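S.K.: next come a sequence and a model predicted from it.
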Amino acid sequence: MNHPVYTPAYNNVPRIRPKATSLPVQLTPLIGREQELLELSRLLDDRNVRLLTLTGPPGVGKSRLALHAAYSALDSFPDGAYSVEVRDERDEAGVLARIAATLPLDFYEPERAFQAIAGWLQGKQALLLLQDFEQAIEAAPLVLDLLLECPGLQALVTSRSPLYVHGEHVFPVSPLSLPRAEQADGAGLTQVADAVTLFVERARSVKPNFQLSKENAPVVADICTAVDGLPLAIELAAARINLMPLPAIAEWLRSNHPLDLLVTPGPHLPGSQKDLRSTLERSYSLLNAEEQRLFRHLSVFVGSCTLEAAEAICGEENQAAPGTATGAARRAAAEVLESAQSLSDKGLLCYKEQRPGVWRLSMLGLIRQFALEMLEACGELEATLQKHARYFAAVAEQIDRDSMAAHAKAAFERVEPDQPNLMAALDWALEAEDRLGTAATIGASCYFFWEARNFCKEGLGRLEILAAMPVMQGRTNMRAKILNGVGRLRLFHSTPGLASQAFEEALSIYRECGDDLGTSIAVVGLALVARKLGDVEKARGLAQEALQLRRRSGHRWLVAQSITHLAVLATEAGEPEYAAALTVRGIALFKSMGADCWVTMLMESLDKLCAELAYQIQAPDSLDDITGGLDELWEVHKPNRYMVEQVAQAAQTAGVDAVAHQAENASGGAEVEGHAGRTTPGDLSALTPREVEVLRLLARGLTNARMAEELMVSRHTVDVHIRSIYGKINVHSRSAATRIALAEGLV
């Protein structure tokens, strides 16, 4: 549980100790930061930590945290703690003057300030708190010299970048904790999110009756998230609560100009507390030209980006394609890396490891908004957005190629963090007619990725806009590809009729163009529509046509996918022998291409099919159909081979009754849950009237989905009935149940 941590108020100071100190008294509480304070106390208690620097983004609350840590550590410094505001100084002379003015020196000569300060601190155990040191980085060696001259001295520094001197310990300060989506629904938010606690405390300072409730908690959580948990931004947003309702504050912060809201009147406030923009402007002014350029250009990325993407957008015009590396590209990447590291040190950029060895760069939202303003002010916005779109169009084309390869799953996982960038590039390209070629490239190349990673809603909206554009009405391969994407994503949204329209037009165009591969994709789409509508036989015919087209094109990956599709349809049609044969062939193909994830998935399907086949195989010929020429496959799937061979042998020698008995032995004699005390096969007396009706429909060849429509019940209910029927009449497959239904005259 998080509670406000209060900085000692004025009337508490004598209770702490009557010792020399220049630490200012704070009038408002420190919210949260319990873990940070514990760690800082530990570090300040360690006499080996002589120089401790708190770094972090502008507005994160470094000064407030450092001040409270200094108060908490006073017991460790018998000779007191002294706070020095270094903010406006740039050289050693200015820093020395500030320190000398803070310490109780009787007299000193400016040219001998260092000697006077060091002489006074000699033999003392004291803490020197140096606030806002970033502008005086050139004077950092002075701090090290003081520590060397005064063994009992420790320095606690706040700075937007490390001091980069020997012996420095850097302590990054992060924004306050934010609520997760599932937590943003009640007053308990203050127990799990320090950002919300701070907002509530500051809101009450201007509106004493403000209360967090179930109704307003999601909006407060949204406000805190919009400002990235930055304490200064939260305080400035909360200060608006008397002037604007919470939803209006949240909406403004989600607009293109959130920094305009984060301003508070009051000439008596320090500049760093008046508004966030001036704080960011100060940080920006301290960057060198290369860092400023990278900072501006990185703002076009949404979410995060790889170092390679940063180099492509922020480097020279002539860039290598994604995934390539030349000597010049490597040098440019090294330069970007150096500037990016500096921006990270200054709290303006974040690094996060996506996977071992691959790092992504990102900015806090408000910092990115300021960087975008700087990019536009420098007249570089449009050119940089164009480079961004061009780069991600190339990424999209690579996704398209990867979607038809063995490493598709790994490629999709790798590129998923760039989905916001792909959407941003696509949206930018959709804004003008002369950019629609780029938009079409991205949209037509990404729909398999969107479908696989569940970005269907976002992708479908953009593809439908593209398909409706007047310049996209020509009967071209690109239009057909876009329509295929529309069809796939519409099908995902359970609109098979609309999906069929898109697939039909795509099919017509592909046939006009003589594109067998594209034609096969459209035909598969129509097969998926037919399956969705319950017409399994039509779906099988279309899937077979697609397989022939793909064999003609020589694309082994798509051939393997078509075989797998046919296996699924054969299973649904009640033909497990054929389904198993196709599944084994699919496994062999995927295995030869190194598609391990597909092999694993199909192995699981084969397990289920073989369990059913164990009760159906009645001749060795069936076994040959399934296993012929695939001995190396059975080496990794021995359990199924043993089961199928045993059942086939039983079928040959003892007839159908022995088949069932032998199958039980092959699987270890385990009793299937719910099937104990089975009736004799063919005995329908235990079935309910509804189960008899389900069995009749099953025997007529209806799929489970069609039965659900016929009976006006859910698919799940039909599945439950069928499992119950199998248990009661002692069968394990549709074909066996059908034979009994026919024998009993149900059909």
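M.R.: On my side now, so go ahead.
S.K.: confidence score at Ser724?
M.R.: Per-residue pLDDT puts Ser724 at 82.
S.K.: what about it, how many neighbours?
M.R.: For Ser724, the count of nearby residues is 17 (other CB atoms under 10 Å). To be clear about C-beta, it is placed using only N, CA and C from the backbone, and glycine gets the same treatment.
S.K.: now it. Nearest residue, chain neighbours left out?
M.R.: Distances taken as CB to CB, 6 or more residues apart in numbering put Glu691 closest to Ser724, at 6.2 Å, once the chain neighbours are dropped.
S.K.: can you tell me the element the one you found falls in?
M.R.: Using DSSP states H and E, Glu691 falls within helix 689-699.
S.K.: centre of the chain to that helix, how far?
M.R.: Between the centre of helix 689-699 and the centre of its chain there are 46 Å (CA atoms, centre = their mean, to the nearest Å).
S.K.: in it, what's buried?
M.R.: Glu691, Glu693, Val694, Leu695, Leu697, Leu698, Ala699 (16 or more other CB atoms under 10 Å).
S.K.: helices or strands up against the helix or strand just after that helix?
M.R.: Scanning forward in sequence from helix 689-699 by DSSP H and E, the next helix or strand is helix 704-711. Judged by 3 or more CB pairs under 8 Å, 6 or more residues apart in numbering; DSSP states H and E, the packing partners of helix 704-711 are helix 689-699, helix 715-729.
S.K.: next, count neighbours for Asn242.
M.R.: Asn242 has 10 neighbours, counted by other CB under 10 Å.
S.K.: next, give phi and psi for the nearest residue to it once chain neighbours are set aside.
M.R.: When the adjacent residues along the chain are set aside, Asn242 lies closest to Val206, with 5.1 Å between them (CB to CB, 6+ apart). For Val206, the backbone dihedrals (degrees, to the nearest 10) come out as phi -110, psi -20.
S.K.: give me the neighbour count for Val206.
M.R.: Applying other CB under 10 Å, I find that Val206 has 14 neighbouring residues.
S.K.: right, and it touches Glu235 too?
M.R.: No. Contact criterion CB atoms under 8 Å: Val206 and Glu235 do not qualify, at 10.4 Å.
S.K.: which residues does Ile313 contact?
M.R.: Ile313 makes contact with His297, Leu298, Val300, Phe301, Cys305, Thr384, Lys387, His388, Tyr391, according to CB atoms under 8 Å, 6 or more residues apart in numbering.
S.K.: separation between it and Ala118?
M.R.: Computed as CB to CB, to the nearest Å, the Ile313 to Ala118 distance reads 49 Å.
S.K.: with Leu176 instead?
M.R.: For Leu176 relative to Ala118 (CB to CB), the value is 39 Å.
S.K.: helices or strands up against the strand or helix carrying Ser508?
M.R.: Taking DSSP H and E as the definition, Ser508 sits inside helix 496-513. Using 3+ CB pairs under 8 Å, 6+ apart, the elements in contact with helix 496-513 are helix 477-492, helix 516-532.
S.K.: in the stretch 101-250 of the chain, where is pLDDT below threshold?
M.R.: For the stretch 101-250 of the chain, residues meeting the criterion pLDDT under 70 lie at 181-191.
S.K.: all helices of it, in order?
M.R.: 113-121, 140-149, 189-192, 194-206, 217-226, 231-238, 246-253 (DSSP state H, counting those that start in this stretch).
S.K.: could you give the mean pLDDT of the helix holding Ser508?
M.R.: Mean predicted confidence for helix 496-513 is 94.
S.K.: also stretch 541-549?
M.R.: For stretch 541-549, the mean confidence score works out to 92.
S.K.: ditto for stretch 57-64
M.R.: Mean predicted lDDT for stretch 57-64 stands at 92.
S.K.: centre of the chain to it, how far?
M.R.: 27 Å.
S.K.: re earlier: so which elements touch the helix holding Glu691?
M.R.: So helix 689-699, by 3+ CB pairs under 8 Å, 6+ apart, packs with helix 704-711, helix 715-729, helix 734-743.
S.K.: can you put the ones you listed in TSV and add distance to Leu569?
M.R.: Shown next, in TSV, are these (distance: least, CB to CB, whole Å):
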stretch	distance to Leu569
helix 704-711	13
helix 715-729	17
helix 734-743	14
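S.K.: for those, which one sits closest to Arg42?
M.R.: With CB to CB, the closest approach to Arg42 among the helices and strands packed on helix 689-699 belongs to helix 715-729: 56.0 Å.
S.K.: tell me the buried residues in that closest one?
M.R.: Buried, per 16+ other CB under 10 Å, within helix 715-729: Thr717, Val718, His721, Ile722, Ser724, Ile725, Tyr726, Gly727, Lys728, Ile729.
S.K.: and which of those residues is nearest Lys481?
M.R.: Lys481 lies nearest to Val718 out of these, by CB to CB, at 37.4 Å.
S.K.: so what's that closest one up against?
M.R.: Val718 is in contact with Val694, Asn704, Met707, Ala708, Leu711, counting by CB under 8 Å, 6+ apart.
S.K.: tell me the one among those residues nearest to Ala530.
M.R.: Using CB to CB, Asn704 comes nearest to Ala530 of the contacts of Val718, at 15.7 Å.
S.K.: is it true that that closest one touches Arg723?
M.R.: No. In this structure, Asn704 is not within contact of Arg723 by CB under 8 Å, at 11.0 Å.
S.K.: for Asp260, what are phi and psi?
M.R.: The phi/psi pair for Asp260 (degrees, to the nearest 10) is phi -70, psi -30.
S.K.: contacting residues around the residue nearest to it when sequence neighbours are not counted?
M.R.: Nearest non-adjacent residue to Asp260, counting by CB to CB, 6+ apart: Trp252, 7.7 Å away. With contacts defined as CB under 8 Å, 6+ apart, Trp252 is in contact with Met244, Pro258, Asp260, Leu261.
S.K.: which of those residues count as buried?
M.R.: Using 16+ other CB under 10 Å, the buried members of these are Pro258, Leu261.
S.K.: want to throw the contacts of Trp252 into CSV with distance to Gly574?
M.R.: Below are these laid out as CSV (distance: CB to CB, whole Å):
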residue, distance to Gly574
Met244, 64
Pro258, 60
Asp260, 66
Leu261, 64
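S.K.: show me the contacts for the residue nearest the centre of the chain.
M.R.: Residue closest to the average C-alpha location in the chain (CA atoms, centre = their mean): Pro417, at 5.7 Å. By CB under 8 Å, 6+ apart, the contact set of Pro417 is Gly303, Ser304, Gln354, Arg360.
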